[in-house]
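In: What follows is a predicted protein model with its sequence.
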Protein chains: 4
Amino acid sequence: MCEFRVRTDLALEAKESFEDDNVEIRGVRIDENYDNEHEITITKVVIETKNGAKAMGKPMGTYITLEAPNMAVPDEGYHREISRVLAEYVKELLGKMPKEFSVLIAGLGNREVTPDSLGPLVVGNLLINRHVVKEYGKYAMGKERINAISGIVPGVMAQTGMETAEIIRGVIEETNPDLLIVVDALAARSTKRLSRTIQITDTGINPGSGVGNHRNAINEESMGIPVISIGVPTVVDAAVIVNDAMENMLHAMSDSNSLKDMAAAFSTFKVSEKHELFRELLSPQLNTMFVTPKDIDETMKRLSFTISEALNMVFQTA
Amino acid sequence: MCEFRVRTDLALEAKESFEDDNVEIRGVRIDENYDNEHEITITKVVIETKNGAKAMGKPMGTYITLEAPNMAVPDEGYHREISRVLAEYVKELLGKMPKEFSVLIAGLGNREVTPDSLGPLVVGNLLINRHVVKEYGKYAMGKERINAISGIVPGVMAQTGMETAEIIRGVIEETNPDLLIVVDALAARSTKRLSRTIQITDTGINPGSGVGNHRNAINEESMGIPVISIGVPTVVDAAVIVNDAMENMLHAMSDSNSLKDMAAAFSTFKVSEKHELFRELLSPQLNTMFVTPKDIDETMKRLSFTISEALNMVFQTA
Amino acid sequence: MCEFRVRTDLALEAKESFEDDNVEIRGVRIDENYDNEHEITITKVVIETKNGAKAMGKPMGTYITLEAPNMAVPDEGYHREISRVLAEYVKELLGKMPKEFSVLIAGLGNREVTPDSLGPLVVGNLLINRHVVKEYGKYAMGKERINAISGIVPGVMAQTGMETAEIIRGVIEETNPDLLIVVDALAARSTKRLSRTIQITDTGINPGSGVGNHRNAINEESMGIPVISIGVPTVVDAAVIVNDAMENMLHAMSDSNSLKDMAAAFSTFKVSEKHELFRELLSPQLNTMFVTPKDIDETMKRLSFTISEALNMVFQTA
Amino acid sequence: MCEFRVRTDLALEAKESFEDDNVEIRGVRIDENYDNEHEITITKVVIETKNGAKAMGKPMGTYITLEAPNMAVPDEGYHREISRVLAEYVKELLGKMPKEFSVLIAGLGNREVTPDSLGPLVVGNLLINRHVVKEYGKYAMGKERINAISGIVPGVMAQTGMETAEIIRGVIEETNPDLLIVVDALAARSTKRLSRTIQITDTGINPGSGVGNHRNAINEESMGIPVISIGVPTVVDAAVIVNDAMENMLHAMSDSNSLKDMAAAFSTFKVSEKHELFRELLSPQLNTMFVTPKDIDETMKRLSFTISEALNMVFQTA
C-alpha cells in the first residue's frame, strides 16, 4: 500500500486521495450536497470508526466543507450569505448546548505571516463581551440570556516558545469556558482549493499546521471541553506542488506516443520506488517553504470578516 | 490629610507628591544616584513597611527608576548604553537565581493603540528559545547552561474579555517558568517624564494601568513565582494635566500683585474643597481620555528595542 | 477683540467660538437640520466672502458637518445608514461632475499613530480600479460607464521628509485625476465631538492638522482640480482642554458665593490678559501633546469602514 | 536556442542559466571575490553592450551581488558587518556625487504581504531629514554639509490603481532629489538564494517584480536622475520550483541504471519540446502563486534593518 501521503488539513482531500486509488474505506460516511442558491458545495465526511480514522489519517468525528469558487470574489453581499450558511453549520456541529453558555475563541497562527494570519484577524473582529457580562450582568445589558464570548490570539511557537495547546489549556483552566472554537489557516493538497474552501470540524486541529509543523493537539480530550475548529486552506506545501507536477508528468507520458516507451519503463516501478525517487529530487529547502497566492492579503481580509461575522451570528443572542 | 491623589504608576512620583506637602514618610527609603557617564538619574525607592505602602499607595518592594532626558533622542549608540544599565538593574532585582532557569516575559497592553503597544513590541524583539531548549536540549545547542525564554502577548480586556492576570496565570500553570517579567506602558503624573523614564520593580504591576483601568494584580502572590515589572510612562491621564494647570494657576495668583486678593480668598479653602471644585470642573469625558506626545510612534519603536535588548542581555548566557 | 483662538479643524466649532462672544459674522451662512430617522444633526456652514473667511479663520467654501452621538456605538446596521447619508452629502458637494470621471483618494495621516490612522485605513478599504479600467477598458468590465478610482497613502512629514502636498501634487501631475478626495483625522476644540462627527468640505484641508502642525495647503488652487475633504475629529490639543478647564473654573467662581470676591477681582482682567495668564500656566510640553480616547483603536476601525463604504457608494457606478 | 527562460531578478542567476548551457556571452564581464573575514561572496556582473543586455535579458549596467549563508542567522553583530560591506558597495555604485546632495529612497512592495514588505520596512527605519534641513538649514543642525534624505512607500498597483513608476516620477518632479534609491523584494530562480543574497545595481528595477508582474521601469532614463536599486530575493515563482524538480528528474534518470532507457527516449526531445511538455504539466494557478520560507517574518525584520542601517551609513555625514 501507498506509504507516501502528502499532508492536507482537509478531510475532503484525504478522502480524495483514496478515490484516486479506488480504495473503499469502511467506517467513513460521506454526503455531498449542492446549495444552488449560493453555489456552495457542502461535503460532510463522518469518520465513524477507529479503522476509518486510521485509513484517513484523521481523528474520528465530523468534517464539513463548504466550497465556493466565488469566495475569492470581493462581493460583500455574497460574503454575508456565506457567513449565514457557515453559521448554520457551526450551529449543527455545536449540537445541544445549554440555553446560555460561555465560549472561548482562539485565533491560531502568526499575524506577521500573511497567509497564516487568518486566526488573529478573525478574533480581532469578534464582538467580545465576557468582561462586560461578568461586570454588569446580563440584565443590566437588557437581555434575558446571553452567551459570554472571550477571545485569545496565542501566537506561534517561534514567537512564544510555548505550544499553542499549553497556552490555550492554561486559559481554559483559569476562565472555564463551556466551548472552545479554534480558527486557523490550513494547508491544502491542491492549489485549486486555496481561499475558496472553509472546513468546520468537531475534532479540533493541530495548531500551526497551516504553515508550521504538527504540534500538540487541541481537541476535546486534551482541553476537557467540546472543540469546534474552523479553517481555510491558504497554503500548499512547496513539496506538494512539485510532487503533483511529477505525477502529472508520468501520467502525461502514457498518453504521448513518443513517450510511451519511457512510461512503460517507469511503470515497472513500484509506487514506493516512485515516491522514493521524487523525494530524492526535492531539494531539502522545499520542506521549509510554502506556496501561496500573490493576492493573499486581500483574501485574508475578506475571509476573516466572513468567518467573524458568522461567529458573531452564532453566539450573539438578540 | 489630602484625600485626592492623581494616579501615577511611578513610585518616584508618588513620593514627590508627598514632598510637595512636606510630609515625611516612615517605612520608605530613598536613594538617588547620578550616572555621569550616561547622564542617567537612578532613584531607588524601597517601601519597607505596611505603613509605608499605605502612605505611598503602592505595595511593599523596590522601585528603581532610570531617568535620562536623552532617551527621547534617536541615538542608537546611546540606547545601547541604556540597555546595558537597565540590564544591570534588572539583574540586581532578580537577586539570587538558580544557575539556570526559565523565564516567561509578558508584553502587556494593546498593540493597536500606539502609546500602549510597548509590551507587545518588546516581546516581538526577544530571543525566544524555550521550544528549542525543550526539543534539542542545551548540549545540542552547544551550551553548558541556558535559560529557557518564553514570551506572551495576552492582549487587553476589550480584545479578550478576560483579565490579563487570568491569562498569564493560566500560562504559568501550564508551562511552569521560574520567573515572570512583565513589560507595560505606564501612566505618569507629569508630561515631563513621558518616554524618558524606565521603572523596574519587584512588586508587579496592574495590567492596563498604562491606558485602561486598574484590574487584577500580577505579582508574586497572585502568580506564585517572582515577578519583575519593567515600565515606561507613555501617557498622562487627561484629568491630570487639567488638574496641574489649575494648581499652577492658583500658585501663580499668589505671585501676582493684581491677583493676590483672589488667592487670599482661595487660600481659605481646604485642600479637599479645592479638589472638589477641580473635579466638578473636569468634564466627565476626560476620564476616558489620555494625553500622549505626537511623535509617540518613534518613541515606542526606539524604547521597545532598548528594553528588549536589555532583556536579551540579562537572560542569554553566552 | 479676542486674540486668542484655539485651533479647531471644524468650521462648526470656529463658528461656535463666536457665538460664545455674541459676535455676528457677515458673509457666513449657517443652516442646521436634524435627520430624525438617523438621529444626525447636519450643519452647513457656507463662508461666502473674504471677510467671512477672515473672521472664521477658514477659507471660503462649504463645510457640512454630520453629528451623531451613536456613531460611537458599534452597530453595523447604523453605520451603514451613516455611510448612505455621508454619500449623499459628498455627492452634493461634488456638484455637476462629468458622466464619467477619475478620482484620486488620498489617505492623510500617520498609520503608526492610532488616532491619526483614519486616512490610511480608509484607503485600505476602497475598491481601487484605475489600473483595471486602464488595462481592460470599461466594456470588458461589462459596464457602460465607470469611474476610475485610485488611492494613495502619502505618509507624514516625519516619515517622508516631504510635504504631503508635494507628494499629492506630483501624483496628480502624473496621473491626471479629475477630482481629489482627501481623508484625514482632525483636531477638534471639544472632546465631546471626538469620534462622533464627520466634516465634509470643498475647501481642502491642511495635512497633518489632525496631530501635527499646519503645512502646505491641499486645495483646488494648489492642486489644480476640485478637492473634497472628509475628516473626523479624533484628537484635541492638550493645551485646549487645559484652557477649557480654566475657563470653566473662572465661570464657576462667579456662581459660588465663597468665590465671588475672587471672580470679581479676576473680572477686571481683559480677555487678552486672561489668555496671557493661561498661556504662561501651560507647560510647553503640552504643545507637542494631544488628548484622545482610550478606545480609539475600535473607533478608528469602525469609522474608517463607514467612510470607505460611503466613498465606494459615491464612485462605483452599478 | 533555448526559448524558455524562468524569471529571475538576479543578474547572477541570469548568467548561471547560460553557464549551464555552456554558452559564452560577449559584452558581459564577471568578477567574483570572496570576503574571507565576513564569509561573503561578492559577484560583479557588468553588462557592457546591447548584445550582452539582450543575451542576459537585463539592461546594461553593473550588478553587484553579496551572498552570505549566515545572513539567515539572527546574529546582530554579523548583520552590522554586512551593513558595512553593503554600504561600501552602494558608495562604489554611486560613483562621484557632489559633496552634498539630496536622495529619495523608495520602498517598493506591499507591506501587507510578508515577503513583499522589504521596501516599506526599510523606509520605516531610515533617518529621514529633508524636512529638517529645509526648515532649519544645515548650520542650525551643527553640520558643515549634509545630505537631505526623503523616503516614500508608494504601495502596489492593487492598492493604488497607479503604476509605482508614475507615483515616484511625480514625487521626483515635485521635490527634485539628485538621486533615487529603490529597495524591493526580488524573485529568485533558486530557493537556495532566498534571504541570503543582496543585489545592488545601477540599472533600476521593475516594481512589483518581487511578487507581482512586470510594470513600468524605474531607471535613470524614465526618472531623469541616477537610480540605484537594492533588492533581496524573498520568493521564487511557484512555476519555477516545479520546473526545477522536473529538470532534476530527467537528470537523475540518466544516472540510474533502471531508468536509462527512459532517459534515452527522452533525450531525443529537443529542449523546446521538453519545456513545452513542462508548461503543459504546470497548473495555470501556479502562475499566480509564489514560494516563500515559513520563517519569512523574522527574515524580513532582520534584513530590513541590515539594509536601512547600510543606507543610514551611506547618506548621513558625520
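Out: Noted; the coordinates are in hand. Numbering: from 1, shown residues only, chains lettered A, B, ... in the order given.

In: Distance from stretch A:30-42 to the middle of the chain?
Out: Relative to its chain's centre, stretch A:30-42 lies at 18 Å (CA atoms, centre = their mean, to the nearest Å).

In: same thing with stretch A:141-156?
Out: 22 Å.

In: can you tell me which residue is nearest the centre of chain A?
Out: By CA atoms, centre = their mean, chain A has its centre lying nearest to A:G231, at 3.1 Å.

In: which ones are touching the closest residue to A:Q316 other than its chain neighbours?
Out: Nearest residue to A:Q316 in three dimensions, chain neighbours excluded: A:L127, at 6.2 Å (CB to CB, 6 or more residues apart in numbering or on different chains). In short, each C-beta sits where N, CA and C put it, glycine included. Neighbouring residues of A:L127 by CB atoms under 8 Å, 6 or more residues apart in numbering or on different chains: A:149, A:312, A:316, C:74.

In: Just the ones of these in strands?
Out: A:I149 (DSSP state E).

In: Enumerate the beta-bridge partners assigned to the residue nearest to the residue nearest to the centre of chain A when sequence neighbours are not counted.
Out: Closest residue to A:G231 apart from its sequence neighbours, by CB to CB, 6+ apart: A:L186 at 4.1 Å. A:L186 forms beta bridges with A:P233, as assigned by DSSP bridges.

In: what residues are up against A:L186?
Out: Here A:L186 is in contact with A:9-10, A:199, A:205, A:209-210, A:231-234 (criterion: CB under 8 Å, 6+ apart).

In: tell me the two of those that are most distant?
Out: A:I205 and A:T234 (13.7 Å; CB to CB).

In: out of the two, which sits in the more crowded spot?
Out: Taking neighbours as other CB atoms under 10 Å in any protein chain shown, A:I205 and A:T234 compare with A:T234 leading, 30 against 24.

In: Check the gap between the more buried one and A:T203 for me.
Out: Distance of A:T234 to A:T203, computed by CB to CB, to the nearest Å: 20 Å.

In: hang on, A:M60 packs against A:K50?
Out: Yes. Between A:M60 and A:K50 there is a contact under CB atoms under 8 Å: 6.9 Å.

In: on that earlier part again, need the contacts of A:L127 in JSON lines with distance to B:N248, pLDDT and neighbour count, can you?
Out: As requested, the contacts of A:L127 are exported to JSON lines (distance: CB to CB, whole Å; pLDDT from 0 to 100; neighbours: other CB atoms under 10 Å in any protein chain shown):
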{"residue": "A:I149", "distance to B:N248": "46", "pLDDT": "97", "neighbour count": "26"}
{"residue": "A:N312", "distance to B:N248": "48", "pLDDT": "95", "neighbour count": "16"}
{"residue": "A:Q316", "distance to B:N248": "49", "pLDDT": "84", "neighbour count": "14"}
{"residue": "C:P74", "distance to B:N248": "39", "pLDDT": "78", "neighbour count": "12"}
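
In: and the contacts of A:L127 as a markdown table, adding distance to A:G107?
Out: Output for the contacts of A:L127, formatted as a markdown table (distance: CB to CB, whole Å):
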| residue | distance to A:G107 |
| --- | --- |
| A:I149 | 13 |
| A:N312 | 14 |
| A:Q316 | 18 |
| C:P74 | 19 |
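
In: who in the stretch 51-200 of chain A is up against chain D?
Out: With CB under 8 Å from any CB of the partner chain as the criterion, the stretch 51-200 of chain A meets chain D at residues A:110, A:112-114, A:158, A:191-192, A:194.

In: Mark which of the residues you listed are part of helices, please.
Out: Under the assignment DSSP state H, those contribute A:A158 to helices.

In: From the residues of the stretch 51-200 of chain A next to chain D, keep the buried residues only.
Out: Those of those that meet the buried threshold are A:110, A:112-114, A:158, A:191, A:194, by 16 or more other CB atoms under 10 Å in any protein chain shown.

In: could you give the mean pLDDT of the helix or strand A:K91 falls within?
Out: Here A:K91, judged by DSSP states H and E, is contained in helix A:76-94. Helix A:76-94 shows a mean pLDDT of 92.

In: Only the buried residues of that helix, if you could.
Out: A:78-79, A:81-83, A:85-87, A:89-90, A:93-94.

In: Looking at the residues you listed, which one is closest to chain C?
Out: Nearest to chain C, judged by CB to the nearest CB, of the buried residues of helix A:76-94 is A:S83 at 12.0 Å.

In: Adding pLDDT, write the buried ones among the residues of the stretch 51-200 of chain A next to chain D out as JSON lines.
Out: As requested, those are arranged in JSON lines below (pLDDT from 0 to 100):
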{"residue": "A:N110", "pLDDT": "96"}
{"residue": "A:E112", "pLDDT": "96"}
{"residue": "A:V113", "pLDDT": "97"}
{"residue": "A:T114", "pLDDT": "96"}
{"residue": "A:A158", "pLDDT": "94"}
{"residue": "A:T191", "pLDDT": "87"}
{"residue": "A:L194", "pLDDT": "92"}
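
In: Next, give me the two most distant ones among the residues you listed.
Out: Greatest spatial distance among these (CB to CB): A:A158 and A:T191, at 25.4 Å.

In: Please compute how far stretch A:225-233 lies from its chain's middle.
Out: Relative to its parent chain, stretch A:225-233 has a centroid offset of 7 Å by CA atoms, centre = their mean.

In: Let me see the mean pLDDT of that stretch.
Out: Per-residue scores along stretch A:225-233 average to 96.

In: Name the residues of it that are buried.
Out: If you call a residue buried by 16+ other CB under 10 Å, then stretch A:225-233 has these buried ones: A:226-233.

In: Going by residue numbers, what spans are helices in the stretch 101-250 of chain A?
Out: With helices called from DSSP state H, counting those that start in this stretch, the stretch 101-250 of chain A shows them at A:118-124, A:130-140, A:157-160, A:164-175, A:220-223, A:238-253.

In: and among the ones you listed, the most buried is which?
Out: Of all these, helix A:118-124 carries the top mean neighbour count, a mean of 26, counting by mean count of other CB atoms under 10 Å in any protein chain shown.
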